[in-house]
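*Asks:* Dropping the sequence and predicted coords here.
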Amino acid sequence: MSNIHSTAIVEEGATIASGVVIGAHAFIGKEATIGEGTTIGRAAHVEGRTTIGSNCKISPLVSIGTPPQDLKYNGEPTSLVIGDRVVIREFCQINIGTAGGGGVTRIGSDCLLMGHVHVAHDNQIANGCIIANFVALAGHVEIGEFAVIGGMSAIHQFTRIGAYAMIAGASAVSQDIPPYVLAEGNRAKIIGLNLTGLRRRFSREAIDALKPIYKEAFRSRQSPKTAAEKALQNAALSAEAKLFCEFIVSSKRGVPRSVAQKEKEEI
C-alpha cells in the first residue's frame, strides 16, 4: 500500500508502486512512474514521462520532469529516468530530454543532488555521483560514476566529466575533465589527481599505476592527447590508466592544461 496525502494530486495514469509516500500538496503527472519505497516530499512536482526508481528520497519543493529550457523543444515525447536510492534535495530542477539530444535525461543510482541543483535536458549522470548545492549543469553534460561536483559550479553544455573526478566549488567548466583528476577555477584547470577520492575506492597499486601516466599527460611538454596516444600503445596499461587515456584521446572539447598550483601533491 502507498501512503498518499489527501491534498496531493496524482493524475489518472500515473504508476505508483507499493510503499510510496507522497506528501501534502505534491503533484504527480499522468505519465510518471514512481518505484517502490520512494518518498515524494511536500509540494514536490513530478511531471512528464518521468521514471523514478525504488527507495529514492525526493525532498519538498523539487520540480522534475519539466520541459527543457531549449527553444528547439516542441513538445516531443522525451523522458527523464532516475535510478534507485537517489536523494534529491530541496528546490532541485531536472528537465526531460530533447529529440535532438537522444530524448532521455538520465540520473544513475545512488546519486546525491543537494539543494538548488539544475540538471538540464539530455544530461547523462552515472551511478554514485555527488552534486553539491547550486550547481548548474547545462544541456548534454555527461558525468562519470562517482564524480563529485563542488557547490556553485557551472558546467558548460556538451562537457564531459570523467569517473572519479572532482570539481572544486565555484568552478566554471568549459572543457572535458578526465577521470580521476581534481580541477578547479574559472575556467577550470587540472591541478592534480583526486588522490583522496581514489584512496577510498582503489588499491595503492592501481593509484601508483596512474601517477606516471598523469605526469606524462599533464606535467610534460607534450600535449595531453599526444601523451595519451603514446601510452595506449602499451599493452600492459592498467584498466584505470587505459580509461584515463581513452577519455583524453576521444575528447571533442579538449581537456584543460594543468597548473602548478599544487605541485606538492603526492604524485
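*Replies:* Nice, I can see it. In this text, all values refer to a predicted model and were calculated from it rather than measured experimentally.

*Asks:* which one's the longest helix in the chain?
*Replies:* Of all the segments assigned as helix in the chain under DSSP state H, the longest by residue count is helix 204-218.

*Asks:* could you say what helices and strands it packs with?
*Replies:* In terms of contacts (3 or more Cβ pairs under 8 Å, 6 or more residues apart in numbering; DSSP states H and E), helix 204-218 is packed against strand 188-193, helix 195-201, helix 224-231, helix 239-250. Any C-beta I mention is one placed from the backbone N, CA and C, and that applies to glycine too.

*Asks:* Asp70: neighbouring residues, count only.
*Replies:* The number of residues packed around Asp70, counting by other Cβ atoms under 10 Å, is 18.

*Asks:* same question, Ala235
*Replies:* The criterion is other Cβ under 10 Å. On that basis, Ala235 has 5 neighbouring residues.

*Asks:* can you pull the contacts of it?
*Replies:* Contacts here follow Cβ atoms under 8 Å, 6 or more residues apart in numbering; on that basis Ala235 touches nothing.

*Asks:* Equivalent analysis for Tyr214, please.
*Replies:* Counting by Cβ under 8 Å, 6+ apart, the residues that Tyr214 touches are 180-181, 193, 244, 267.

*Asks:* If we use 10 Å, what do you get?
*Replies:* Remark: with contacts taken as Cβ atoms under 10 Å, 6 or more residues apart in numbering, Tyr214 is in contact with 178, 180-181, 190, 192-193, 224, 227, 241, 244, 258, 267.

*Asks:* So it versus Ala227, what's the distance?
*Replies:* Relative to Ala227, Tyr214 is positioned 9 Å away (Cβ to Cβ, to the nearest Å).

*Asks:* Tell me which residues are up against the helix or strand Gly65 falls within.
*Replies:* Element membership of Gly65 [criterion: DSSP states H and E] is strand 63-66. Applying Cβ under 10 Å, 6+ apart, the set of residues contacting strand 63-66 from outside is 27-29, 31-32, 40, 43-52, 58, 79-80, 82, 88, 91-96, 105, 107, 113, 119, 121.

*Asks:* Could you export it as PDB, keeping only the C-alpha atoms?
*Replies:* Backbone C-alpha positions of strand 63-66 (Å, rounded to 0.1, in the frame of the first residue of the first chain) are rendered in PDB as follows:
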ATOM      1  CA  SER A  63      10.500  20.100  -9.700                       C
ATOM      2  CA  ILE A  64      11.400  17.300 -12.000                       C
ATOM      3  CA  GLY A  65      10.300  16.100 -15.400                       C
ATOM      4  CA  THR A  66       9.600  19.600 -16.600                       C
END
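
*Asks:* on that earlier part again, most tightly packed of the helices and strands packed on helix 204-218?
*Replies:* The highest average neighbour count among the helices and strands packed on helix 204-218, using mean count of other Cβ atoms under 10 Å, belongs to strand 188-193 at a mean of 22.

*Asks:* Between the contacts of Tyr214, which sits nearest Ala206?
*Replies:* Looking at the contacts of Tyr214 and their distance to Ala206, the nearest is Ala241, at 8.8 Å (Cβ to Cβ).

*Asks:* what's the closest non-adjacent residue to the closest one?
*Replies:* Residue nearest to Ala241 in three dimensions, not counting chain neighbours: Ile213, with 4.5 Å by Cβ to Cβ, 6 or more residues apart in numbering.

*Asks:* For that neighbour, give its distance to Leu243.
*Replies:* Distance, Ile213 to Leu243, using Cβ to Cβ: 10 Å.

*Asks:* Where does pLDDT dip in this structure?
*Replies:* For the chain, the stretches with pLDDT under 70 are 260-267.

*Asks:* rerun that using 80 as the cut-off
*Replies:* 1, 260-267 (pLDDT under 80).

*Asks:* Domains of it: list them as residue ranges, please.
*Replies:* The chain resolves into domains spanning 3-140, 203-262 when parsed by automatic domain parsing.

*Asks:* Could you dump these into TSV with distance to Tyr164 added?
*Replies:* Converted to TSV, the domains of the chain look like this (distance: least, Cβ to Cβ, whole Å):
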stretch	distance to Tyr164
domain 3-140	9
domain 203-262	9
